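**Student:** sequence first, predicted coordinates after that:
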Amino acid sequence: MMEKTKKKSKVRRYLPFYLMALPGLVYLFINNYMPMGGLILAFKNYSARKGIWGSNWAGLKNFKFLFATQDAWTITRNTLCYNIAFIILGTILSVTIAILLSEVKAKAAKFYQSFILLPHLISWVIISYLVFAFLSAESGFINNTILAALGKEGINWYSEAKYWPVIIVLVYLWQSTGYTSIVYYASVVGFDKGYYEAAELEGAGPWQKIRYITLPLLRPVIITMVMLSVGRIFYSDFGLFYQIPMNSGTIYSTTNVIDTYVYRGLLQQGNIGMSAAAGLYQSVVGFIIVLIANGIVRKIDKDSAFI
């Protein structure tokens with residue numbers, strides 16, 4: 001009886017918290033768990049007339065679309081390499097900006113935050129035209145101003161695949177770094193100022209404070225952000241890889257990723273089962289990579305691991 005009474009009292013005590021969490025849990029269930037029933041489409045020849053459950057089984061045929069063509073290696077390589085570059089360079093740049101923002105006055109920091117966050121609020125369609133204004137072969141700023149001033153011939157950027165790994169990475173960093181740097185900045189400004197005051201009394205300079213105080217305190221946040229990014233290492237920002245290159249077929253070798261490949265295949269073939277198979281493949285591989293990364297983190301720093 002005593003145990004039942006204690007359980008009831010605990011339920012009553014935490015009931016307001018359960019009620020507060022209820023809308024979020026319902027949203028999570030509807031948007032993240034209910035659609036998981038559609039994963040069965042990855043193993044079926046979907047027919048709109050027969051429906052999801054009535055469609056014929058296809059086994060693993062839908063997965064062959066990703067691996068039976070010569071493009072399989074290209075799109076997998078591009079997806080992984082771009083995301084690795086985004087994670088490494090994005091983390092370094094975001095942390096650097098966050099530390100620089102923490103060193104300026106509060107009013108100036110608010111202005112800089114708004115300024116660097118602005119690109120994140122612009123749609124990829126608009127950014128694609130901004131990039132086109134720079135790279136257009138006929139009227140682009142780079143060809144007509146920079147290269148012309150140097151006495152060099154213009155480049156047909158949308159036909160030269162070798163330039164696009166650099167262009168894609170630069171555009172991504174410009175668009176996303178402002179948002180992620182604010183996450184790190186919020187952590188930095190919350191650090192106990194007593195650590196820095198004590199370091200100053202010991203004669204530590206700015207670089208020493210960053211190296212021995214800021215970065216160690218920021219490490220758990222960095223690990224968390226990197227782990228979240230690693231979880232989506234097999235996914236790509238569709239707008240970045242489809243809109244920015246203007247869907248130019250001559251540069252597919254360096255701009256085509258799994259998401260754009262599936263989208264183009266869906267447009268050409270209308271194969272919903274194949275699209276579901278690609279999504280399942282990305283999710284499973286991403287989950288496995290997260291587990292591997294988490295295992296590595298646990299060996300290095302157990303307290304920073306997710307599980």
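**Tutor:** On my side now, so go ahead.
**Student:** how many neighbours does Trp73 have?
**Tutor:** 10 (other Cβ atoms under 10 Å). Using the backbone N, CA and C atoms, a C-beta is placed for each residue, glycine as well.
**Student:** then Met36?
**Tutor:** 10.
**Student:** now stretch 216-227: how far from the chain's centre is it?
**Tutor:** 16 Å (Cα atoms, centre = their mean, to the nearest Å).
**Student:** what's the average pLDDT for that stretch?
**Tutor:** Per-residue pLDDT values over stretch 216-227 give a mean of 87.
**Student:** dump it to CSV, restricted to CA.
**Tutor:** C-alpha atoms of stretch 216-227 as CSV (Å, rounded to 0.1, in the frame of the first residue of the first chain):
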residue,chain,number,x,y,z
PRO,A,216,37.6,22.8,-23.2
LEU,A,217,34.3,24.2,-21.9
LEU,A,218,32.8,24.3,-25.4
ARG,A,219,33.9,20.7,-26.2
PRO,A,220,30.6,19.0,-25.1
VAL,A,221,28.6,21.4,-27.3
ILE,A,222,30.9,20.9,-30.2
ILE,A,223,30.6,17.1,-29.8
THR,A,224,26.8,17.3,-29.7
MET,A,225,26.6,19.5,-32.8
VAL,A,226,29.0,17.2,-34.7
MET,A,227,27.1,14.1,-33.7
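**Student:** contacts for that stretch next, please.
**Tutor:** Stretch 216-227 has contacts (Cβ atoms under 8 Å, 6 or more residues apart in numbering) with 87, 91, 95, 98, 180, 183-184, 187-188, 191, 195, 290, 293-294, 297, 301, 303-304, 306.
**Student:** could you pick out the buried ones from those?
**Tutor:** Burial by neighbour count, 16 or more other Cβ atoms under 10 Å: within these this picks out 87, 91, 95, 98, 180, 184, 187-188, 290, 293-294, 297, 304.
**Student:** now do the same contact list for the residue lying closest to Ile127 once chain neighbours are set aside.
**Tutor:** Counting by Cβ to Cβ, 6 or more residues apart in numbering, Ile127 lies nearest to Gln175, which is 6.4 Å off, once chain neighbours are set aside. Gln175 makes contacts with Pro119, His120, Ile122, Ile127, Leu240, as judged by Cβ under 8 Å, 6+ apart.
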